[in-house]
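**Student:** Sequence first, predicted model second:
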Amino acid sequence: MIYFLFICDICFNPKGIIFAKTNCKNKNMITIYNLTFNAFQVNTYIIADEKKNCIIIDAACFDTHEQQALRDFIAKHELKPQIQIDTHPHIDHILGNAFVKETYDIPLYAHKAGDPFFLNANSYAKPYGWKLENVVMPDKYVEQDEVITVGDISLKVLYTPGHVDGSICLYNSENHFVIVGDVLFNDSIGRTDLPTGDYDLLIKSIKEQLFTLPEDTEVYPGHGPKTSISKEIRENPFINF
C-alpha cells in the first residue's frame, strides 16, 4: 500500500504556540503534525496513520497552557497516542514526558546512553527556572537500526551522537522523511558545547547516518523549519567534505 506524506502548514495561534493546520484530503496517508513549545521553541511532532494511531516525538510542553494545547489538539484530530519517543534527552525536549505518560498511559522510548540526563533532569532544568515534579525514565531502550512500528507507521532508529549522547534520528523510507532532533537544521547543525557534545562525532553522524539517506528525504529538526537532505548536502556551511 502506498502512503502519501502530508506536510502540515504552520500557523501561529494568538498565544504563540505553533500548531498544524490540516488541509490534505487524501485518506491513504501518514500525517505529520507539528506543535512548538516552551521558550526554546522545540518542535513536538505527532505522526499519525490513517486509523489515527499516533506517535508523539519530543513532548516539550511544560506549563498548563501548553499541556492543554497538546491535549486539545489530539482530541480535536481524534488521535490515539500509542507511544512517545525522545530524540535526545536535553531538558527542553523532555519537559512534557511525564504529562504525556500520565495523560495517555503510554510508554517512553529513548536511547540508553541518555540516561544520565534523565536522572539529572532537574539539575539541568533549574538554571531556566523549570522544576519537574515527575521525571520519567524510558520504558524501552532503542538501538541502531531497530524499527519502531505503530499501526502503519514504521520508524528506523539511527544512532547519531555528537550533539549529546543518546541522540537518535527516526527515518521513514516509505514516505521519505526523517525526524532528526537537534542533529541537523536548515543551514546549521546542533551545538556541541554542552555536556557530551563532540563536534567531530556530530559531523561523522551527519555524514554517515543522514547524508547517506536518499536525497529527496525531508528533514524535520527539533527547532526551526524543515529542510531536505539534498539541500543540506549542497548548502549547509558547517558540513565540509
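**Tutor:** Arrived safely, thanks for sending. Numbering: from 1, shown residues only.
**Student:** How far does the longest strand seen in the chain sit from its chain's centre?
**Tutor:** When the chain is scanned for its longest strand (criterion: DSSP state E), the result is strand 29-37. Distance of strand 29-37 from the chain centroid (C-alpha atoms, centre = their mean, to the nearest Å) equals 10 Å.
**Student:** Show me what it packs onto, helices and strands only.
**Tutor:** strand 4-7, strand 18-21, strand 42-48, helix 64-76 (3 or more C-beta pairs under 8 Å, 6 or more residues apart in numbering; DSSP states H and E). C-betas here are computed from N, CA, C, even on glycine.
**Student:** quick one: that strand to strand 42-48, angle?
**Tutor:** 160 degrees (axes from the mean of the first three to the mean of the last three C-alpha atoms, to 10 degrees).
**Student:** Mind exporting the C-alpha coordinates of strand 29-37 to PDB?
**Tutor:** The C-alpha trace of strand 29-37 is given here as PDB (Å, rounded to 0.1, in the frame of the first residue of the first chain):
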ATOM      1  CA  MET A  29      -1.500   8.700   4.200                       C
ATOM      2  CA  ILE A  30       0.700   9.300   7.100                       C
ATOM      3  CA  THR A  31       0.300  12.700   8.600                       C
ATOM      4  CA  ILE A  32       3.000  14.700  10.400                       C
ATOM      5  CA  TYR A  33       1.700  17.400  12.800                       C
ATOM      6  CA  ASN A  34       3.900  19.900  14.500                       C
ATOM      7  CA  LEU A  35       3.400  21.900  17.700                       C
ATOM      8  CA  THR A  36       6.100  24.100  19.000                       C
ATOM      9  CA  PHE A  37       6.500  24.500  22.800                       C
END
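**Student:** Next, the angle from it to helix 64-76.
**Tutor:** Using the same axes, to 10 degrees: strand 29-37 against helix 64-76 is 170 degrees.
**Student:** number of nearby residues for Gln84?
**Tutor:** Gln84: 27 surrounding residues under other C-beta atoms under 10 Å.
**Student:** Lys101 too?
**Tutor:** Each residue near Lys101 was counted by other C-beta under 10 Å, and the total is 18.
**Student:** What residues are bridge-paired with Tyr45?
**Tutor:** Counting by DSSP bridges, Tyr45 is bridged to Asn34, Ile57.
**Student:** any weak-confidence spans in the protein?
**Tutor:** 1-28, 241 (pLDDT under 70).
**Student:** if we can go back for a sec, can you add mean neighbour count and distance to Pro89 and give the helices and strands packed on strand 29-37 back as JSON lines?
**Tutor:** Formatted as JSON lines, the helices and strands packed on strand 29-37 follow (neighbours: other C-beta atoms under 10 Å; distance: least, C-beta to C-beta, whole Å):
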{"stretch": "strand 4-7", "mean neighbour count": "15", "distance to Pro89": "27"}
{"stretch": "strand 18-21", "mean neighbour count": "16", "distance to Pro89": "23"}
{"stretch": "strand 42-48", "mean neighbour count": "25", "distance to Pro89": "13"}
{"stretch": "helix 64-76", "mean neighbour count": "15", "distance to Pro89": "19"}
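**Student:** right, and the ones you listed - which one's nearest Gln144?
**Tutor:** strand 42-48 (20.2 Å; C-beta to C-beta).
**Student:** Show me what that closest one packs onto, helices and strands only.
**Tutor:** strand 29-37, strand 53-57, helix 64-76, strand 153-159, strand 218-221.
**Student:** which of the residues in stretch 75-89 are buried?
**Tutor:** For stretch 75-89, burial by neighbour count (16 or more other C-beta atoms under 10 Å) applies to His77, Leu79, Lys80, Pro81, Gln82, Ile83, Gln84, Ile85, Asp86, Thr87, His88, Pro89.
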